[in-house]
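[1] Next comes the sequence, and after it the predicted model I'd like to discuss.
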Amino acid sequence: MYIQTNAWDDLCVPIDRSPRTERCDRALDCARRKLAARSPERFSSALWYGAVDSDPPKLVVWVLLAGDASRLPTWYFPDDSEEEDSLPDPALRPEIMLMRQDVLACFANEGWPDAGRPRVGFDAEARVAAEGGYQYFRS
């Protein structure tokens, strides 16, 4: 009897995940649920990256937005004290600020150190996909 397997199964080795990495994953799962409920037509996906075990303050969370990329922000990191808007459509700011608060709240609920500090960036999913996916964030 021949059993077909996925070739990747033989190459994949379980990775020990640190408690901080697991905390990030749980916080991001929480954020995804909140963002999808708050903005089902605007929210597309979210991801995090950073050396969370050696330098937790360097955590970056990206929220990718659905819609016309020309009307959505590019590498936009809102700040509570920000006065000027660099958004193509300033009417998006209240929704984006609420989304940012949702993300930070999820990290706070997970006990993230300095939970108000993770940088939360926003960009258009279509732009990210067109520019190479994860590679887009490495530029």
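    Alright, I've got the coordinates.
[2] Can you list the residue ranges for helices in this structure?
    Here the chain has its helices, by DSSP state H, at 7-11, 19-38, 93-109, 125-130.
[3] Show me what the third one is packed up against.
    Meaning helix 93-109. Packed against helix 93-109 by the contact rule (3 or more C-beta pairs under 8 Å, 6 or more residues apart in numbering; DSSP states H and E) you find helix 19-38, strand 60-65, strand 119-124. Quick note: C-beta positions are derived from backbone N, CA and C, even for glycine.
[4] Packed most tightly, which of the helices of the chain would that be?
    Highest mean neighbour count of those: helix 93-109, a mean of 18 (counted as mean count of other C-beta atoms under 10 Å).
[5] next one: that helix to chain centre, how far?
    11 Å (C-alpha atoms, centre = their mean, to the nearest Å).
[6] Alpha carbons of it, as PDB, please.
    What follows is helix 93-109, C-alpha atoms only, in PDB (Å, rounded to 0.1, in the frame of the first residue of the first chain):
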ATOM      1  CA  ARG A  93      -8.200  58.000  11.300                       C
ATOM      2  CA  PRO A  94     -10.900  57.400  14.000                       C
ATOM      3  CA  GLU A  95     -11.400  53.800  12.800                       C
ATOM      4  CA  ILE A  96      -7.600  53.200  12.600                       C
ATOM      5  CA  MET A  97      -7.200  54.600  16.100                       C
ATOM      6  CA  LEU A  98      -9.800  52.300  17.500                       C
ATOM      7  CA  MET A  99      -8.100  49.300  15.700                       C
ATOM      8  CA  ARG A 100      -4.800  50.400  17.300                       C
ATOM      9  CA  GLN A 101      -6.500  50.500  20.700                       C
ATOM     10  CA  ASP A 102      -7.900  47.000  20.200                       C
ATOM     11  CA  VAL A 103      -4.400  45.600  19.400                       C
ATOM     12  CA  LEU A 104      -2.800  47.300  22.400                       C
ATOM     13  CA  ALA A 105      -5.600  46.100  24.700                       C
ATOM     14  CA  CYS A 106      -5.000  42.500  23.600                       C
ATOM     15  CA  PHE A 107      -1.300  42.800  24.300                       C
ATOM     16  CA  ALA A 108      -2.100  44.300  27.700                       C
ATOM     17  CA  ASN A 109      -4.500  41.400  28.500                       C
END
